[in-house]
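Enquirer: Next input, structure requested:
(chains A and B)
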There are 2 protein chains.
Amino acid sequence: MVVELFATPEAYARSPALVDPAQARGVPVRWVNEAGLVTLTETVTPQGVIAVCRHLHRRSVGAVLAPPPSLVVVLAGVADPGNAGTVLRTADAAGADVVVFGEGAVDPYNGKCVRASAGSLFHLPVVRGEPAADAVAALRAAGLTVLAADVHGAIDLDEYADAGGLAGRTAWLFGSEAHGLAPELAECADARVRVPIHGRAESLNLAAAAAVCLYASARAHRRPGAPP
Amino acid sequence: MVVELFATPEAYARSPALVDPAQARGVPVRWVNEAGLVTLTETVTPQGVIAVCRHLHRRSVGAVLAPPPSLVVVLAGVADPGNAGTVLRTADAAGADVVVFGEGAVDPYNGKCVRASAGSLFHLPVVRGEPAADAVAALRAAGLTVLAADVHGAIDLDEYADAGGLAGRTAWLFGSEAHGLAPELAECADARVRVPIHGRAESLNLAAAAAVCLYASARAHRRPGAPP
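Expert: Take a look at the predicted model:
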């Protein structure tokens, strides 16, 4: 999916393995100096190599339902690109099969999101722009349990896990950092689950809450009798 | 601990409860306009109220060992203030008793760290500037198990939890985002524990890894037979 590379000679000297394989496959490499690099990037201290890539998203979750996924993340209204990219990275680490950036959520191609994903944007299928309600309906029709992460949810994550609620195929739904999930979306979920707060914090950062939820699912899925 | 407040009339109209209690206790309130506020803050869109506070850290973990804490976080070399503040917020939510910002870690009073902590800086004791090795020695002497979060650790977090390793009083040690824990610190730990990576990500974001570790401890501590 790499169309073109830009690199400084210094970055090439440090990391030829970032450039050589692309060049061997016929990807054009353009040599630039630091000043040129800065004009091409959004960061103050760019890392020296830029890849121009084709878009790689799917338009709807329907494209990735065969075979049915075991663990899916739906970002519905997540606005902060750093949070969204971190959730994408965490979803990858937790073994999720798909991440949906719902309509109205931040763009997965936002530069901060791409960087926060630390490469995970290229590791698993990403759906972009589908209304979250449509994605949820398709996931339920495919047999997944849909769980809304909700700081006011009636069900405690630990209790839900202990009761076996995470054993099956699961889609986790995460809402906006400021306003949570839209009520009509939360109502689509099979359950609203809260990460327990044991101390005095009012809530968790969205990416931290997602890490706790997704790793609880990963753990449940790796117990005997869990889905393939 | 609030010495002085700065507020815009607009912010006061939105949130009088942020200003009135301080004023009632004799804290001077200075009224400023938006332009004045911007010169006082580091953010582009400040929220309208600024509190000048006294420092509130302890100089060593020895000051907070009676009664012995059940869950402690030691940041050893964490450099990103957003990560550190998020870990502080997550530690609070997970019910941790103390967070140590070791010598060489980011300053807990860094503005980004304060904001990312979302108030948790004021919720639990924070130790600032003690060498992490000294804090670890004091925590071990107080009977805590010291666990190093280490992406290359030989022990898988889930297996360690299943084997009962998280049941006792625990201190978690987190190293630098770029370089991990210094070898001499990792060697001080009772175990090096890795958050399992099930997908293709190379690692987790530091704050996400901390969320998974701290919530695993919180869960283990709330099982029957766990420490008070």
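Enquirer: Isn't residue A:112 up against residue A:82?
Expert: Yes. The pair residue A:112 / residue A:82 is scored as a contact, 5.3 Å apart, by CB atoms under 8 Å. Using the backbone N, CA and C atoms, a C-beta is placed for each residue, glycine as well.
Enquirer: wait, residue A:200 sits on residue B:92?
Expert: Yes. Counting by CB under 8 Å, residue A:200 touches residue B:92, with 6.0 Å between them.
Enquirer: what does chain A put close to chain B?
Expert: Neighbours of chain B within chain A, by CB under 8 Å from any CB of the partner chain: A:82, A:86, A:89-96, A:116, A:118-120, A:123-124, A:158, A:195-205, A:207-212, A:215, A:218-219, A:222.
Enquirer: quick one: the strands in chain A?
Expert: Here chain A has its strands, by DSSP state E, at A:2-7, A:29-31, A:49-53, A:71-75, A:98-101, A:126-128, A:145-149, A:155-156, A:170-174, A:191-194.
Enquirer: Could you report the neighbour count for the closest residue to residue A:199 other than its chain neighbours?
Expert: Distances taken as CB to CB, 6 or more residues apart in numbering or on different chains place residue B:92 nearest to residue A:199, at 4.3 Å, with adjacent residues excluded. By the criterion of other CB atoms under 10 Å in any protein chain shown, residue B:92 has 27 neighbours.
Enquirer: ok, now which ones touch residue B:92?
Expert: A:199-201, B:117, B:120, B:123-124 (CB atoms under 8 Å, 6 or more residues apart in numbering or on different chains).
Enquirer: if you set the cut-off to 7 Å instead, what comes out?
Expert: For residue B:92, the contacting residues are A:199-201, B:120, B:123-124, by CB atoms under 7 Å, 6 or more residues apart in numbering or on different chains.
Enquirer: Model confidence score at it, please.
Expert: Note for residue B:92: predicted pLDDT of 98.
Enquirer: Give me the common contacts of residue A:200 and residue B:92.
Expert: Common neighbours of residue A:200 and residue B:92 (criterion: CB under 7 Å, 6+ apart): residue B:123.
Enquirer: can you dump the C-alpha coordinates of stretch A:162-178 into CSV?
Expert: Output of stretch A:162-178 as CSV, limited to C-alpha atoms (Å, rounded to 0.1, in the frame of the first residue of the first chain):
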residue,chain,number,x,y,z
ASP,A,162,-17.1,-13.6,36.6
ALA,A,163,-20.6,-14.4,35.4
GLY,A,164,-19.3,-15.5,32.0
GLY,A,165,-20.7,-12.5,30.1
LEU,A,166,-17.5,-12.0,28.2
ALA,A,167,-17.1,-15.6,27.0
GLY,A,168,-18.8,-15.2,23.6
ARG,A,169,-18.1,-13.1,20.6
THR,A,170,-18.2,-9.4,21.6
ALA,A,171,-18.4,-5.9,20.2
TRP,A,172,-17.4,-3.1,22.6
LEU,A,173,-18.9,0.3,22.0
PHE,A,174,-17.0,3.4,23.2
GLY,A,175,-18.6,6.9,23.1
SER,A,176,-17.3,10.5,23.2
GLU,A,177,-14.8,11.5,25.9
ALA,A,178,-17.0,14.5,26.9
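Enquirer: mind listing what's buried in it?
Expert: Buried residues in stretch A:162-178, counted by 16 or more other CB atoms under 10 Å in any protein chain shown: A:165-167, A:169-177.
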